[in-house]
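Enquirer: Structure for this input, please:
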Amino acid sequence: MSDSIEPFLKDLVARRRDFARGQSLFHRGDTVKEVHFVLAGSVHLVRHQDDGSTLVLQRAGPRSILAEASLYSETYHCDAVASAPAQTRTYAKQAFKKLLANSSGLSDVWATYLAQELQSARLRSEILSLKTVAGRLDAWIAWNPGASPGKGEWKLVADEIAVSPEALYRELARRRQ
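Expert: Model prediction:
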């Protein structure tokens with residue numbers, strides 16, 4: 001994010017939380033009571049499909065607000081899971097909203113942040129519209145230049161591009177030949 005939200009939050013009461021890889025931060029249907037600002041690690045906003053697959057809706061890394069749209073909702077519409085050990089700072093939802101209403105500086109930064117998240121969501125939607133694993137992988141690589149998941153983390157990429165891990169591994173093997 002070009003301008004950080006973090007400086008605007010310095011006067012809000014916060015609670016630091018630590019999450020192990022695979023640990024849930026919240027579940028679909030939980031009441032939204034707080035806003036998570038990711039300090040370290042990675043948290044995925046996921047939706048579980050009827051066929052057992054998982055669709056990653058957001059990849060929140062350091063300096064990101066997790067599930068930002070939930071600020072305007074009573075309940076969460078998906079699950080949040082730490083995809084790596086993660087640390088967040090949480091703020092009471094109502095205190096965050098009050099600060100947002102009273103700070104034009106934060107309002108501008110927040111609007112920019114939401115616009116960037118919308119652009120990312122549209123790109124993810126475009127990737128998911130591609131019909132082949134190869135096409136989705138090419139788009140993911142173009143979106144993440146220089147990124148190379150560590151050992152055992154390609155399953156997370158499969159989740160992000162909504163293909164089975166096995167299909168992704170076949171595509172990766174094909175490319176190595």
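Enquirer: got a pLDDT number for Tyr91?
Expert: With respect to pLDDT, Tyr91 scores 97.
Enquirer: Likewise for Met1?
Expert: 40.
Enquirer: Pretty sure Arg17 sits against Gln87.
Expert: Yes: applying Cβ atoms under 8 Å, one finds Arg17 in contact with Gln87, separated by 7.0 Å. For every residue, glycine as well, the C-beta is placed using N, CA and C.
Enquirer: what lines up beside the host helix or strand of Val46 in the sheet?
Expert: Using DSSP states H and E, Val46 sits in strand 43-48. Partners of strand 43-48 in the sheet, by DSSP bridges, are strand 54-60 (antiparallel), strand 79-82 (antiparallel).
Enquirer: What about the closest residue to Trp143 other than its chain neighbours, how many residues nearby?
Expert: Closest residue in space to Trp143, ignoring its immediate chain neighbours: Leu123 at 6.0 Å, by Cβ to Cβ, 6 or more residues apart in numbering. Leu123 has 14 neighbouring residues, counting by other Cβ atoms under 10 Å.
Enquirer: where's Leu123 relative to Leu130, distance?
Expert: 11 Å (Cβ to Cβ, to the nearest Å).
Enquirer: And Ala82, by the same measure?
Expert: Taken as Cβ to Cβ, the span from Ala82 to Leu130 is 28 Å.
Enquirer: Can you pick out the residue with more neighbours from these two?
Expert: Neighbours were counted for Ala82 and for Leu130 using other Cβ under 10 Å; Ala82 has more, 22 against 16.
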